[in-house]
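1. following is a predicted model, sequence given first.
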Amino acid sequence: MAEHNALGKKGEKLAVDFLVEKGYDILEKNYRYLKSEIDIIAQKQDVIVVVEVKTRSTPEFGNPQDFVKPKQIQSLVKTIDHYIASNDLDVEVRFDIIAIIKNKLGTKIEHLEDAFYHF
């Protein structure tokens, strides 16, 4: 596995642990629809939370959350719409980003709720 893929998988595991610790229920990991994938679908009370995990080893090239582009956001919206329709859910949906910087100095996790409204 390429080093960046391994880092991404570690980041997703850290994000799941972080969310569970904060009281979220994890419904799906790596949920796929067509060519899109949602890293984590979680639920807290009556809110479904779509979580995009961005993991980097350095903030040198910008913050991890800066790498979520409008086309990817559109893709996430279509994918969660499919998930909600398939499961016949009537819930509020929120889009979050968990940005992780992980390197030999340690791990920094930042949880950005309602992240797509801040672009």
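-> Structure's in. What do you need?
2. show me which residues of stretch 39-48 are buried.
-> Buried residues in stretch 39-48, counted by 16 or more other C-beta atoms under 10 Å: 39-43, 48. For the C-beta atoms, the positions are set from N, CA and C on the backbone; glycine is no exception.
3. and these, which two are furthest apart?
-> Among the buried residues of stretch 39-48, the pair separated by the greatest distance (C-beta to C-beta) is Asp39 and Gln43, at 14.8 Å.
4. quick one on the thing from earlier: any chance of the buried residues of stretch 39-48 in TSV with pLDDT as columns?
-> Shown next, in TSV, are these (pLDDT from 0 to 100):
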residue	pLDDT
Asp39	96
Ile40	98
Ile41	98
Ala42	98
Gln43	97
Ile48	96
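5. helices or strands up against the longest helix seen in the chain?
-> In the chain, taking DSSP state H as the definition, the longest helix is helix 3-21. Identification of packing neighbours for helix 3-21 by 3 or more C-beta pairs under 8 Å, 6 or more residues apart in numbering; DSSP states H and E yields strand 25-33, strand 36-44, strand 47-56, strand 92-103, strand 106-112.
6. can you tell which of those is closest to Ile73?
-> Each of these has some distance to Ile73 by C-beta to C-beta; the shortest is strand 92-103, at 7.5 Å.
7. and the closest one with strand 36-44, angle?
-> Orientation check (axes from the mean of the first three to the mean of the last three C-alpha atoms, to 10 degrees): strand 92-103 against strand 36-44 gives 110 degrees.
8. which strands border strand 92-103, and is each parallel or antiparallel?
-> Strand pairing for strand 92-103, determined by DSSP bridges: strand 47-56 (parallel), strand 106-112 (antiparallel).
9. so where is this protein shaky, pLDDT-wise?
-> Residue ranges of the chain with pLDDT under 70: 1-4, 61-65, 117-119.
10. change it to 90
-> Residue ranges of the chain with pLDDT under 90: 1-11, 54-73, 101-106, 115-119.
11. which strand residues bridge the spatially most central residue of the chain?
-> In the chain, the centroid-proximal residue (C-alpha atoms, centre = their mean) is Glu52; its distance is 2.0 Å. The partner list for Glu52 in beta bridges (DSSP bridges) reads Ile97.
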